[in-house]
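K.L.:
what's the 3D shape of this:
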Amino acid sequence: MIQTRKSPFLPTTKKEVEQLGWDELDVILFTGDAYVDHPSFGIAVIARVLENMGLKVAVVPQPNWQDDLRDFKKLGRPRLFFGVSSGNMDSMINHYTANKRLRSDDAYTAGDKAGFRPDYATTVYSTILKDLFPDVPVVLGGIEASLRRFTHYDYWCDSLKKPILVDSKADMLVYGMGEKVIADIAKALDNGASIASLQNIPQTAFISKQRDYAKIENVEEILLANYDKCLADKKTFASTFKTIEEESNKMHSKRLIEPVDDGFMVVNPPAELMTTDELDSVYRLPFTRLPHPKYYKKGPISAYEMIKFSVNIHRGCFGGCSFCTISAHQGKFITSRSTPSIIDELTKLSMMADFKGNISDLGGPSANMYKMQGKDLGICEKCKRPSCAWPAICPNLHTDHNPLSELYKRVRDLPFIKKASIGSGIRYDLFADSSEASTRYKSELIKYHVSGRLKVAPEHTNDNVLRLMRKPSIILFKKFYDDFTRINNANNLRQQLVPYFISSHPGCTIENMRQLATEMKSMNLQPEQVQDFTPTPMTLSSVMFYTSIDPYTMKQVFVDRKKEDKLAQKDVFFWKKR
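P.N.:
Numbering: from 1, shown residues only. The predicted structure follows:
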């Protein structure tokens with residue numbers, strides 16, 4: 001395989017390609033985000049993985065889809081494939097508020113300017129590429145593709161939409177964290193395979209016109225209801241979602257088949273979980289950790305500024321919150337980085353010109369799931385629970401916080417670190433017991449790793465709403481609040497606990513919000529953020545919002561859908577302003 005010449009950034013223009021002496025590209029990646037060469041930006045990770053294979057890779061950030069399409073044509077056709085992603089967010093969530101108002105800014109664009117990506121960006125980009133280069137494979141990836149891989153409820157058109165592969169005309173979809181998968185696809189295509197022949201690669205989806213696709217040995221298949229049946233009957237859609245969610249959270253999943261139009265969409269089971277060594281190898285790739293120089297005079301990129309001095313220590317989340325997309329994208333099983341890998345990244349951070357010694361976050365999808373897994377993995381192999389933490393902590397879950405406490409101490413002892421704060425959300429239910437490890441972690445977290453404010457997400461106070469959210473009892477939040485206050489007082493600290501809540505979630509009434517506001521007032525807490533529930537594709541909460549049915553009980557659920565009712569629920573909360 002051809003070895004590329006290393007460069008600080010991957011090329012984004014024809015001129016930059018020519019400066020590298022390349023006369024042909026192997027892979028061209030399109031993204032709805034500005035190009036930031038940082039491991040927190042998905043397209044940068046995929047680009048570096050492919051580059052590390054010796055491939056010639058270019059990135060086209062935020063192409064103009066409204067002119068003569070020159071951005072889609074300027075680099076020509078790649079030898080292997082086009083990769084397409086909307087960016088780090090679903091484009092509709094990026095564009096619109098919970099009340100469907102168009103946002104005036106975009107944190108993933110230089111200067112926070114809005115309007116640099118289309119609605120349903122993945123579909124728009126892919127359709128353009130297939131029209132211009134019909135014989136070149138298009139592979140979808142990123143969170144928008146992941147969450148829309150099946151028939152799904154779309155809040156912005158208030159209806160069901162078909163799997164994204166149908167409208168996008170793409171050849172293949174990679175869901176979840178795709179480093180291993182995209183490498184397998186690239187390797188197969190580079191060896192002469194056709195995209196149509198790649199039917200057994202884990203964690204991919206494709207459409208077959210007939211049911212003659214290749215079988216996977218020892219993998220069972222489930223035939224799902226099709227779009228028309230889901231559209232005609234909300235109970236069918238609800239029960240279909242339950243099947244999808246349960247299979248997505250298994251260690252050994254079945255292959256899911258959804259009839260679409262005149263064919264079948266085939267979704268292969270997830271790939272094997274990355275090992276610690278494999279995850280470490282991703283973070284060893286030569287990221288500059290900077291935005292591309294083309295943005296230097298166009299203003300800051302807020303999403304980058306937020307994570308500029310943060311370090312991700314693990315992947316996955318077993319919380320299984322009903323409204324959260326993390327488990328649908330990253331999965332519920334945890335892969336943690338090694339301590340040397342984390343220390344190495346911190347060392348690289350310390351060499352950046354504007355580093356002042358402060359780490360904004362040492363966390364992950366959830367801050368304190370580092371190195372947690374089942375005690376007996378044999379039990380995990382038979383489990384289909386969407387959450388290891390709800391309705392109670394699984395007795396087979398290893399929740400020892402000592403490895404995380406030891407990591408915190410190692411970081412505190414680094415001579416170039418003044419303070420390492422925890423910016424990710426804390427799962428206080430994981431250390432609600434009185435074990436020595438939990439007590440130590442709680443104490444060290446509050447004493448050393450709070451940057452004045454610690455955010456937690458109880459989300460609500462009502463037991464029924466919390467049950468539908470898959471969140472623990474508010475009693476655990478109150479216990480943590482008491483411990484937080486006690487440890488602060490004992491150490492003469494003036495730190496705040498900042499709770500986050502959600503209004504108008506399925507099951508929540510305006511009376512429930514009044515009770516929530518009253519309870520917070522009694523604790524002398526004034527939360528600054530209340531998020532109006534936004535239904536996002538492929539979450540349990542969104543299915544309940546659309547169907548008014550709990551897929552796991554098939555019972556009716558109350559839902560406030562009207563804009564004025566949703567605003568009223570949110571408004572109730574801000575008692576202090578009145």
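
K.L.:
Now do the same contact list for Leu223.
P.N.:
Leu223 sits next to Ile257, Pro259 when contact means Cβ atoms under 8 Å, 6 or more residues apart in numbering. For every residue, glycine as well, the C-beta is placed using N, CA and C.

K.L.:
need the next SSE after the helix or strand hosting Met513, C-terminal direction.
P.N.:
Assigned by DSSP states H and E, Met513 falls within helix 510-522. Going down the chain from helix 510-522, the next helix or strand is strand 529-532, by DSSP H and E.

K.L.:
contact partners of stretch 399-414?
P.N.:
313, 339, 342-343, 346-347, 350, 359, 362, 368, 370-372, 393, 417, 420, 430-431, 433, 437-438, 440-441, 444-445, 448-449.

K.L.:
So which of those residues belong to strands?
P.N.:
Residues of these located in strands (DSSP state E): Ile359, Leu362, Ala420.

K.L.:
give me the beta-bridge partners of the first one?
P.N.:
With DSSP bridges as the criterion, the beta-bridge partners of Ile359 are Ala420.

K.L.:
How far away from the center of its chain is the helix holding Met513?
P.N.:
30 Å (Cα atoms, centre = their mean, to the nearest Å).

K.L.:
Can you give the domain ranges for this structure?
P.N.:
14-209+262-267, 309-440, 452-578 (automatic domain parsing).

K.L.:
List the buried residues for the helix or strand that contains Ile244?
P.N.:
Following DSSP H and E, one finds Ile244 within helix 234-248. Counting neighbours by 16 or more other Cβ atoms under 10 Å, one finds that the buried residues in helix 234-248 are 234, 236-248.

K.L.:
which helices and strands sit right next to the helix or strand following that helix?
P.N.:
Once helix 234-248 ends, the next helix or strand along the chain (criterion: DSSP H and E) is strand 255-260. Packing contacts for strand 255-260, counted by 3 or more Cβ pairs under 8 Å, 6 or more residues apart in numbering; DSSP states H and E, involve strand 221-223, helix 234-248, strand 263-267.

K.L.:
Looking at the domains of the chain, spot the one closest to Pro293.
P.N.:
Closest of the domains of the chain to Pro293 is domain 14-209+262-267, at 10.1 Å (criterion: Cβ to Cβ).

K.L.:
how long is the closest one from one end to the other?
P.N.:
Separation of the first and last residues of domain 14-209+262-267 by Cα to Cα, to the nearest Å is 36 Å.

K.L.:
Now find how far off-centre it is within its chain.
P.N.:
Put simply, domain 14-209+262-267 sits 16 Å off its chain's centre (Cα atoms, centre = their mean).

K.L.:
for the stretch 301-450 of the chain, what spans make up the helices?
P.N.:
302-307, 326-330, 339-350, 377-380, 402-412, 436-448 (DSSP state H, counting those that start in this stretch).

K.L.:
Buried deepest among those helices, which one?
P.N.:
helix 326-330 (a mean of 22; mean count of other Cβ atoms under 10 Å).

K.L.:
okay, that helix in CSV with CA atoms only?
P.N.:
Extracted in CSV, the C-alpha atoms of helix 326-330 (Å, rounded to 0.1, in the frame of the first residue of the first chain):
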residue,chain,number,x,y,z
ILE,A,326,-25.0,7.8,23.7
SER,A,327,-25.8,4.1,24.1
ALA,A,328,-27.4,4.0,20.6
HIS,A,329,-24.2,5.3,19.2
GLN,A,330,-21.3,4.3,21.5
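
K.L.:
Counting by contacts, list what it packs against.
P.N.:
Secondary elements touching helix 326-330 (3+ Cβ pairs under 8 Å, 6+ apart): helix 143-147, helix 234-248.

K.L.:
let's see 7 Å
P.N.:
For helix 326-330, the helices and strands in contact under the criterion 3 or more Cβ pairs under 7 Å, 6 or more residues apart in numbering; DSSP states H and E are helix 143-147.

K.L.:
Tell me which helix or strand comes right after the helix it packs on.
P.N.:
strand 152-154.

K.L.:
Residues contacting that next one, please?
P.N.:
Leu160, Lys161, Pro535, Pro537, Met538, Ser542, Val543, Tyr546 (Cβ atoms under 7 Å, 6 or more residues apart in numbering).

K.L.:
Let me see the backbone angles for the second one.
P.N.:
The phi/psi pair for Lys161 (degrees, to the nearest 10) reads phi -120, psi 150.

K.L.:
give me the beta-bridge partners of it?
P.N.:
His152.

K.L.:
Around it, how many other residues sit close by?
P.N.:
Per other Cβ atoms under 10 Å, the neighbour tally for Lys161 reads 20.

K.L.:
just the fourth one next, same as before
P.N.:
Pro537 is flanked by 25 other residues according to other Cβ under 10 Å.

K.L.:
Could you do the last one as well?
P.N.:
By the other Cβ under 10 Å criterion, the neighbourhood of Tyr546 contains 23 residues.

K.L.:
so where does it fall, helix or strand?
P.N.:
Residue-wise, Tyr546 maps onto helix 540-547 under DSSP H and E.

K.L.:
any idea how far Pro163 is from Val260?
P.N.:
Here Pro163 is placed at a distance of 6 Å from Val260 (Cβ to Cβ, to the nearest Å).

K.L.:
Pull the most distant pair out of the contacts of strand 152-154.
P.N.:
Lys161 and Val543 (13.5 Å).

K.L.:
what sits up against stretch 168-184?
P.N.:
So stretch 168-184 is contacted by 45-46, 49-50, 53, 84, 122-123, 126-127, 130, 137-141, 145-146, 149, 164-165, 195, 198, 201-206, 270-271, 274, 282, 315, 329-331 (Cβ under 7 Å, 6+ apart).

K.L.:
Sitting in strands, which of these do you find?
P.N.:
Members of these lying in strands (criterion: DSSP E): Val84, Val138, Val139, Leu140, Thr204, Ala205, Phe206, Arg315.

K.L.:
Averaged pLDDT, stretch 556-564. What do you get?
P.N.:
Average pLDDT, stretch 556-564: 95.

K.L.:
Could you do stretch 116-123 as well?
P.N.:
98.

K.L.:
Counting by contacts, list what the helix holding Ile244 packs against.
P.N.:
Counting by 3+ Cβ pairs under 7 Å, 6+ apart, helix 234-248 packs on helix 227-232, helix 540-547, strand 549-550.

K.L.:
will you turn those into a markdown table that also has mean pLDDT?
P.N.:
What follows is the helices and strands packed on helix 234-248, written out as a markdown table (pLDDT from 0 to 100):
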| stretch | mean pLDDT |
| --- | --- |
| helix 227-232 | 98 |
| helix 540-547 | 98 |
| strand 549-550 | 98 |
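
K.L.:
Tell me which helix or strand comes right after the longest helix anywhere in the chain.
P.N.:
Secondary structure of the chain read by DSSP state H shows that its longest helix is helix 474-490. As assigned by DSSP H and E, the chain's next helix or strand after helix 474-490 is strand 496-503.

K.L.:
Restricting to C-alpha, output stretch 382-399 in PDB.
P.N.:
The C-alpha trace of stretch 382-399 is given here as PDB (Å, rounded to 0.1, in the frame of the first residue of the first chain):
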ATOM      1  CA  LYS A 382     -26.900 -13.300  28.300                       C
ATOM      2  CA  CYS A 383     -28.100  -9.900  29.300                       C
ATOM      3  CA  LYS A 384     -30.400  -7.600  27.200                       C
ATOM      4  CA  ARG A 385     -31.000  -4.900  29.800                       C
ATOM      5  CA  PRO A 386     -30.700  -1.400  28.200                       C
ATOM      6  CA  SER A 387     -29.200  -0.100  31.500                       C
ATOM      7  CA  CYS A 388     -26.800  -1.500  34.000                       C
ATOM      8  CA  ALA A 389     -27.800   1.200  36.500                       C
ATOM      9  CA  TRP A 390     -31.600   1.200  36.300                       C
ATOM     10  CA  PRO A 391     -34.000   0.400  37.900                       C
ATOM     11  CA  ALA A 392     -31.100  -0.400  40.300                       C
ATOM     12  CA  ILE A 393     -27.400  -1.000  40.000                       C
ATOM     13  CA  CYS A 394     -26.900  -4.500  38.500                       C
ATOM     14  CA  PRO A 395     -25.400  -6.800  41.200                       C
ATOM     15  CA  ASN A 396     -23.000  -8.100  38.500                       C
ATOM     16  CA  LEU A 397     -21.700  -4.600  37.800                       C
ATOM     17  CA  HIS A 398     -18.200  -3.800  39.100                       C
ATOM     18  CA  THR A 399     -18.500  -0.200  40.400                       C
END
